[in-house]
Each structure stands twice: as structure tokens, then as C-alpha cells.
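1. Can you look at this prediction? I've put the sequence above it.
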Amino acid sequence: MDIKPLSPEQARVSELAAELRILISSFTRKLRAQASAGDFTPSQRSVLLRLERDGSTTVTALARAEGVRPQSMGATVSGLEAAGHIKGTPDPADGRQTILSLTPRFLTMIQASRAAREDWLVREIYACYNTKEQESLAKAIELLKRLVNH
């Protein structure tokens, strides 16, 4: 098997990708440390974010959206219900189904957590960057948005 060496441009882009991945991981950990709405497993976090973003739904629909079996989703949901983060109400159109949604208390926790992280970011941006650097940061954010939305 022939392995061709990377061109200088390919090597540079590969290095950028590795640095960006490491930086984003470090940034995410630091941001999470600023204010936490709780310690959640990745699957719990995904369910909570999906319910916040997409609104109320059933266990079956959540399982389909997350690519897991309904039984597995049921275990995730029951833990979140027991903790008071989500609640189930009977589906008015089909009494056999339960519609899941975030509790008002948990929504308040999410908002407070986000506000704390944003406050930390504002303080850090002011502390680390002058006005010209803040403009550069804004341009970098636009570039990252393009990467994410590609």
C-alpha cells in the first residue's frame, strides 16, 4: 500500500484541524466549569438539549431522533424524570403515549447556567482582548460558523 506524503498545504490544514479540535475541547471543558446545570451523561445531555430545542415529544420520537432503542431511551428518560428535570403528561390524542417536556424548574436552571457562562465569557473577552483583537475574534467566529454550517 502506497502512502503518499502530505503536501505542505495538506500538512498545514491537518495541523490546523488537530489544533482546533484540541482547542475546542479545552474551551468546552472550561466553559462547562463556569456554571453547571448538573452532571449529566452524554445521552441525558442530548435528550435535554433536544427537548429544549425541539419541544415536547414522546419517548419513541426521542429514541428515533437519537438513534437508540425505545427501551434505552426509556431508561435515560426515567432518570431525568426522577431528578425532576423532565415531566410526562398523557398525550391528548393518544392516551397510550406520554408527552415529555422540560420542567419549569429545570428551564430556570438552564437559563441561570447559560447566563453564568456568558458572564464569564464577557469578562474574559474584556480582560484578554483589546478592541482591535475583539474585532478579530468576531471575524474568527464568522469563519467558525461557516465551518459548522458547511
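-> Perfect, I can see it now.
2. going forward, measure contacts and count neighbours with C-alpha atoms only.
-> OK.
3. longest helix of the chain?
-> helix 8-34 (DSSP state H).
4. Which neighbouring elements make contact with that helix?
-> helix 104-128 (3 or more C-alpha pairs under 8 Å, 6 or more residues apart in numbering; DSSP states H and E).
5. What is the distance between the helix or strand just after the helix it packs on and the centre of its chain?
-> Remark: after helix 104-128, the chain's next helix or strand is helix 131-149, criterion DSSP states H and E. Offset of helix 131-149 from its chain centre (C-alpha atoms, centre = their mean, to the nearest Å): 20 Å.
6. Tell me what angle helix 131-149 forms with helix 104-128.
-> 130 degrees (axes from the mean of the first three to the mean of the last three C-alpha atoms, to 10 degrees).
7. Contacts for helix 131-149, please.
-> I125 (C-alpha atoms under 8 Å, 6 or more residues apart in numbering).
8. rewinding a little: starting at the chain centroid, how far to the longest helix of the chain?
-> That offset, for helix 8-34, works out to 17 Å (C-alpha atoms, centre = their mean).
9. In it, which residues are buried?
-> For helix 8-34, the neighbour count (16 or more other C-alpha atoms under 10 Å) marks L31 as buried.
10. and the angle from it to helix 104-128?
-> If you take the same axes, to 10 degrees, helix 8-34 sits at 120 degrees to helix 104-128.
11. buried set for stretch 66-76?
-> Buried residues in stretch 66-76 (16+ other C-alpha under 10 Å): P70, M73, T76.
12. pretty sure the first one is touching V59, no?
-> What that stands for is P70. Yes - the pair P70 / V59 is scored as a contact, 6.5 Å apart, by C-alpha atoms under 8 Å.
13. pLDDT below threshold where in the chain?
-> Counting by pLDDT under 70, the chain has low-confidence residues at 1, 35-38.
14. try it again with 80
-> The chain contains residues with pLDDT under 80 at 1-2, 35-39.
15. re the thing from before, which helix or strand lies directly C-terminal to the longest helix of the chain?
-> Next along from helix 8-34, by DSSP H and E: helix 42-54.
16. which other helices and strands contact that next one?
-> The criterion is 3+ C-alpha pairs under 8 Å, 6+ apart, and the helices and strands that helix 42-54 contacts are helix 70-82, strand 98-102.
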